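**Student:** here are the coordinates; sequence isn't available:
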């Protein structure tokens, strides 16, 4: 087999000796080591201090021997330099200042130099890449325009995304200007991350699942495709994870990504039917499962591996970020189990 | 054609001259007439006073000429008589007192006489049925066990339903006792509504979409099927709406319902492929669409009607309750448009 890292080979659908595994939000509050660092600094300081971002990024790699690393950062890093500061309060989601309420608000958002304002992301990546084992590639990431716009328009988190959808339907021209600007920022941000040493990038469209298929085609797919085209480099896979879009995953796959993320509501065998044989799939254990006991976790893990067929073109992951209350021991067992048993399925 | 009401014929997949339409939460805050009644009384008083519940139930029928009526009530009516009072605060969802935190809490929930404690629902129905035009059947409803249990376990609304899922995985026996009791309460409540004059019933599993397919099979489908069997009467269709389950709608349809509700994330032609030819489909316009302008609403309505093919076995509805900020004029135009154009598609 090739000496190319397992994770990258899986992203390109190449043969692998076993299934690689990493976990969304793997550097996070479920780890005591993370909480110890986080106790001393606020969330933004952690994101913006390369040494600290590097430290927490490496924690799960050292603890569990995962097959890929993802830079510790946040989807909302582009908002403050656009003129919309973001505050993370306790017990609720982020609050976005100066949020977009009407069409003209789009035009007062500031243009900014991504490499200057978000240079700290690249600085963290350079430190992380130096420290990582050679077989563990680093993933960079950014939010898709719909998800970023939802924070800008709702002024924070939302359950129904009503303001965002109404804005799209009532102000399609302003929305297009906003989404195009966001797409261009994301392209620059992902290219910055690749230049700094990331060997793969993931685009998170965390809230796209609130859209009907026609709205997704117009407001999700179109801009995601633009981004995929704008960051394409030989050997650097692009992963697109649009949570909650399992009912039209074939549409999502039209973005041209190498890997499509799948949440736990769609079984991987069905996902494969929808996207065809030419893209890899990443997922899809329900993060809630990891809060149970191993005897309830194991059959659910087997189900994911079974649904991935021969395992070619499958990267094991959760269907959403790991929950802060997840017992570390379950994480360790999950990773050991996938790494030690998935190879047998290839024989 | 038969003189049986249009809505009932559509539920049974019989030929209809056009597509019937009603809207989930059609008696609600988007109507000035509703707000006028609601100004004087709190939400529970409105639910529990048959004359008032009757009055608001009839408001959308009188205003828009819908093809079915649904009794004004709430999914959470069974909780207070179980010993868990529910408060509806402003700006956030319901808060449930004495909620279930551990297995033994299930056994302290009170048994109660449904016909006594929830007799007010039947009283309202008797008033409504007398007042309704003969061609407008009244729908009764209740929440499915998973959705009711989620309120009992989370103590209110939730985004991730983490506590509920952890309870299911860690305490499956206690969860089974809870779900079985809830199913039996729901069976009694729906039978009470049919006895009082409802000609159809709908089971809402509003939050089932947070479950993976295996969890849905065990914790959604199994109890829903028990309920469908427990309320089955000749000529009284049973509708099951499990929001967010479009990725496994075939599993949902195994409950034996006559009609399966579909949210806006799954196109109706795909829904039909999943459930087969023998059940009717209800849905599936995104309620957010109704906050736009008619020129953006109309193509989305056409899409729903187009995806329903020849319209046989289709009941037009939204994919979730109507939003409180919906312009009344859009509601009126939607109903007129579906009622006046859907017949042409049959020729």
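**Tutor:** Looks like it arrived, so ask away. These figures come from a predicted structure and were not determined experimentally. Residues are numbered from 1 along each chain as shown, chains lettered A, B, ... in the order given.

**Student:** Which residues are in contact with the residue nearest to residue A:42 when sequence neighbours are not counted?
**Tutor:** Nearest residue to residue A:42 in three dimensions, chain neighbours excluded: residue A:88, at 7.6 Å (C-beta to C-beta, 6 or more residues apart in numbering or on different chains). Heads up, the C-betas are built off the backbone N, CA and C, glycines and all. Counting by C-beta atoms under 8 Å, 6 or more residues apart in numbering or on different chains, residue A:88 touches A:42, A:43, A:44, A:94, A:95.

**Student:** Just want the phi and psi numbers for the first one.
**Tutor:** It refers to residue A:42. With angles defined as degrees, to the nearest 10, residue A:42 sits at phi -80, psi 170.

**Student:** That one - how many residues pack around it?
**Tutor:** Neighbour count for residue A:42, taken as other C-beta atoms under 10 Å in any protein chain shown: 11.

**Student:** Return the distance of whatever residue of the stretch 51-200 of chain A ends up closest to chain B relative to residue B:293.
**Tutor:** Closest residue of the stretch 51-200 of chain A to chain B, C-beta to the nearest C-beta: residue A:169 (3.4 Å). To residue B:293, residue A:169 is 7 Å away according to C-beta to C-beta, to the nearest Å.

**Student:** before we move on, back to that, could you list which of the contacts of residue A:88 belong to helices?
**Tutor:** Among the contacts of residue A:88, the ones falling in helices (DSSP state H) are A:43, A:44.

**Student:** Any chance of the contacts of residue A:88 in TSV with pLDDT as columns?
**Tutor:** Output for those, formatted as TSV (pLDDT from 0 to 100):
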residue	pLDDT
A:42	94
A:43	94
A:44	96
A:94	94
A:95	95
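
**Student:** related to what we said a few turns ago, verify the contact between the residue of the stretch 51-200 of chain A closest to chain B and residue B:287 for me.
**Tutor:** No - under the criterion of C-beta atoms under 8 Å, residue A:169 makes no contact with residue B:287, lying 12.0 Å away.

**Student:** Show me what the residue positioned nearest the centre of chain A is bridged to.
**Tutor:** Closest residue to the average C-alpha location of chain A: residue A:204 at 4.4 Å, with C-alpha atoms, centre = their mean. When bridges are called by DSSP bridges, residue A:204 pairs up with residue A:143, residue A:241.

**Student:** and if you look at residue A:259?
**Tutor:** Assigned bridge partners for residue A:259, using DSSP bridges, are residue A:239, residue A:280.

**Student:** likewise residue A:139?
**Tutor:** Beta-bridge pairing for residue A:139 (DSSP bridges): residue A:70, residue A:200.

**Student:** Where does the prediction get shaky in chain A?
**Tutor:** A:1-2, A:91, A:347 (pLDDT under 70).

**Student:** 50 instead, please
**Tutor:** Within chain A, the set of residues satisfying pLDDT under 50 is empty.

**Student:** rewinding a little: quick one: residues contacting the residue of the stretch 51-200 of chain A closest to chain B.
**Tutor:** Shown in contact with residue A:169 (C-beta under 8 Å, 6+ apart): B:288, B:289, B:291, B:292, B:293, B:296.

**Student:** Would you check how far apart residue A:217 and chain B are?
**Tutor:** If you measure residue A:217 against chain B using C-beta to the nearest C-beta, to the nearest Å, the figure is 11 Å.

**Student:** which SS class is that residue?
**Tutor:** For residue A:217, the assignment made with DSSP: H, G, I helix; E, B strand; the rest coil gives helix.

**Student:** residues touching the residue nearest to it when sequence neighbours are not counted, list them.
**Tutor:** Using C-beta to C-beta, 6+ apart and skipping residues adjacent in sequence, the residue nearest residue A:217 is residue A:251, 6.0 Å away. Residues near residue A:251 by C-beta under 8 Å, 6+ apart: A:213, A:216, A:217, A:221, A:245.

**Student:** Could you save those as JSON lines and add columns showing neighbour count?
**Tutor:** Converted to JSON lines, the contacts of residue A:251 look like this (neighbours: other C-beta atoms under 10 Å in any protein chain shown):
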{"residue": "A:213", "neighbour count": "21"}
{"residue": "A:216", "neighbour count": "24"}
{"residue": "A:217", "neighbour count": "15"}
{"residue": "A:221", "neighbour count": "27"}
{"residue": "A:245", "neighbour count": "30"}
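
**Student:** Looking at those, spot the one nearest chain B.
**Tutor:** Nearest to chain B among those: residue A:213, at 5.8 Å, using C-beta to the nearest C-beta.

**Student:** my read: that closest one touches residue B:268, true?
**Tutor:** No - Residue A:213 lies out of contact with residue B:268 (C-beta under 8 Å); the separation is 10.9 Å.

**Student:** residue contacts, residue A:346?
**Tutor:** Residue A:346 sits next to A:17, A:18, A:310, A:311 when contact means C-beta under 8 Å, 6+ apart.

**Student:** would you say the second one is within a helix?
**Tutor:** Looking back up the chat, that one is residue A:18. No - assigned with three-state DSSP, residue A:18 falls outside any helix and is coil.
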